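Trainee: predicted coordinates and the sequence they were generated for:
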Amino acid sequence: MKATITVTQEQVDFFRREGYLAIERITTDDEIAQMREAYDEIFARRAGRDEGMEFDLAGTDEDGQEATLPQILDPRRYAAALQDTLYEANARAIARQLLGVEADIRGSHAILKPAQIGSATPWHQDEAYWNPGENYLSLSVWMPLQEATPENGCMCFIPGSHEWEVKPHHHIGNNPKIHGLEVDEGHVDTAQAVVCPLPAGGATFHYSRTFHYTGPNRSETPRRAFVLTGGVPLPPRENPRDFYWQQETDTYAAQKRVEAAKEQPEG
């Protein structure tokens with residue numbers, strides 16, 4: 001699919017200086033409606049759960065437990081309406097403006113905050129989840145499938161934090177059975193936060209080290225976010241970093257992914 005929008009040089013400069021960018025429109029209302037229907041369907045059937053691709057980001061995720069922050073990794077695998085979208089074409093085109101012509105979209109995930117009970121996503125850097133032996137020039141594109149507001153969990157950023165190193169993180173509640181991470185206390189001044197409400201089909205872009213947060217959903221409707229990740233390929237680091245919090249992970253989803261990998265045919 002061919003891209004239909006670009007950003008201005010002023011917006012590129014803002015992104016590189018502040019570490020994030022919000023735009024009012026990245027796709028059409030029709031595509032949003034189609035994606036929202038597919039999104040609700042895959043969450044309703046908990047697509048990918050048996051392989052560890054669906055889990056509660058904010059809870060211990062036992063079977064039968066109500067999830068307050070369900071996430072699906074690579075949701076494009078589970079719904080044709082989430083593949084080859086105008087959203088992705090435009091996200092790729094803008095990523096190349098922001099990062100360079102070698103940038104491409106590499107992954108996706110979807111995070112749902114259920115009505116009234118949706119948990120906050122704590123302050124964190126995306127890179128804290130990633131391979132400590134790699135270098136990254138990467139960004140995430142976050143698009144709400146309905147209006148995103150402070151009441152239902154829109155994005156918030158710490159301007160300039162993309163220039164920082166990855167700070168120490170821990171599992172939510174210091175519980176290694178919870179997948180979600182949050183930054184250790186004292187590393188972020190949330191008084192500097194910028195709140196970014198968006199209409200459905202708007203989008204934010206942020207670097208992999210930009211600190212961000214979304215609040216709980218206290219509204220009467222679900223908050224749906226579809227996220228694409230992309231970047232420029234770089235050589236690995238000579239000296240891997242110590243992301244010790246990753247070694248503490250003991251989630252049910254991680255165990256399921258290990259078991260699913262064992263069941264894959266060889267060759």
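Mentor: Ah, there it is. Keep in mind that this is a model prediction, so the values were computed, not measured.

Trainee: in stretch 104-124, which residues are buried?
Mentor: When burial is assessed from 16 or more other Cβ atoms under 10 Å, stretch 104-124 yields the following buried residues: 105, 108-114, 118-124. C-betas here are computed from N, CA, C, even on glycine.

Trainee: how about stretch 190-204?
Mentor: Residues of stretch 190-204 classed as buried under the neighbour-count rule (16+ other Cβ under 10 Å) are 193, 196-198, 200-204.

Trainee: among these, which are in strands?
Mentor: 196, 203-204 (DSSP state E).

Trainee: now those residues as a markdown table including distance to residue 245 and pLDDT?
Mentor: Putting these into a markdown table (distance: Cβ to Cβ, whole Å; pLDDT from 0 to 100) gives the following:
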| residue | distance to residue 245 | pLDDT |
| --- | --- | --- |
| 196 | 27 | 98 |
| 203 | 29 | 98 |
| 204 | 25 | 98 |
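
Trainee: nearest to residue 224, of the residues you listed?
Mentor: Sorting these by distance to residue 224 puts residue 203 at the head of the list, at 13.4 Å, by Cβ to Cβ.

Trainee: got any ranges where the protein has weak pLDDT?
Mentor: In the predicted model of the chain, residues 262-267 satisfy pLDDT under 70.

Trainee: longest single helix anywhere in it?
Mentor: helix 29-44 (DSSP state H).

Trainee: I'd like to know which elements it is packed against.
Mentor: Packed against helix 29-44 by the contact rule (3 or more Cβ pairs under 8 Å, 6 or more residues apart in numbering; DSSP states H and E) you find strand 70-73, helix 86-99, strand 104-113, strand 223-232.

Trainee: buried residues of the second one, list them for me.
Mentor: Put plainly, it is helix 86-99. Of the residues in helix 86-99, those scored as buried under the neighbour-count criterion (16+ other Cβ under 10 Å) are 86-99.

Trainee: also the shortest one?
Mentor: By neighbour count on 16+ other Cβ under 10 Å, the buried set for strand 70-73 is 70-73.

Trainee: one more: stretch 224-237?
Mentor: 224-232.

Trainee: also stretch 250-265?
Mentor: Taking 16+ other Cβ under 10 Å as the basis for neighbour counts, the residues of stretch 250-265 that come out buried are 251-253, 256-257.

Trainee: among the residues you listed, which are located in helices?
Mentor: Cross-referencing the buried residues of stretch 250-265 against helices under DSSP H gives 252-253, 256-257.

Trainee: and which of those is nearest to residue 146?
Mentor: The closest of these to residue 146 turns out to be residue 253 (Cβ to Cβ; 26.0 Å).

Trainee: got a list of what the closest one touches?
Mentor: Shown here is residue 253, whose contacts under the criterion Cβ atoms under 8 Å, 6 or more residues apart in numbering are 52-55, 61, 179.

Trainee: between those, which is nearest residue 134?
Mentor: Proximity of the contacts of residue 253 to residue 134, judged by Cβ to Cβ, is greatest for residue 179, which lies at 20.0 Å.

Trainee: tell me the SS of that closest one?
Mentor: Classification of residue 179 into helix, strand or coil gives coil, according to DSSP: H, G, I helix; E, B strand; the rest coil.

Trainee: hmm, it is touching residue 52, no?
Mentor: No - distance between residue 179 and residue 52: 9.9 Å, which falls outside the contact criterion (Cβ atoms under 8 Å).

Trainee: more crowded one of those two?
Mentor: Relative neighbour count places residue 179 above the other of residue 179 and residue 52, with 24 against 21, counting by other Cβ atoms under 10 Å.

Trainee: from residue 46, how far out is the closest residue to that one other than its chain neighbours?
Mentor: If the residues on either side of it in the chain are set aside, residue 179 comes closest to residue 251, at 4.9 Å by Cβ to Cβ, 6 or more residues apart in numbering. In this view, residue 251 and residue 46 are 16 Å apart by Cβ to Cβ, to the nearest Å.

Trainee: what's the answer for residue 7, then?
Mentor: In this view, residue 7 and residue 46 are 36 Å apart by Cβ to Cβ.

Trainee: with residue 145 instead?
Mentor: 18 Å.

Trainee: likewise residue 231?
Mentor: 29 Å.

Trainee: same thing with residue 239?
Mentor: Residue 239 is 40 Å from residue 46, where distance means Cβ to Cβ.
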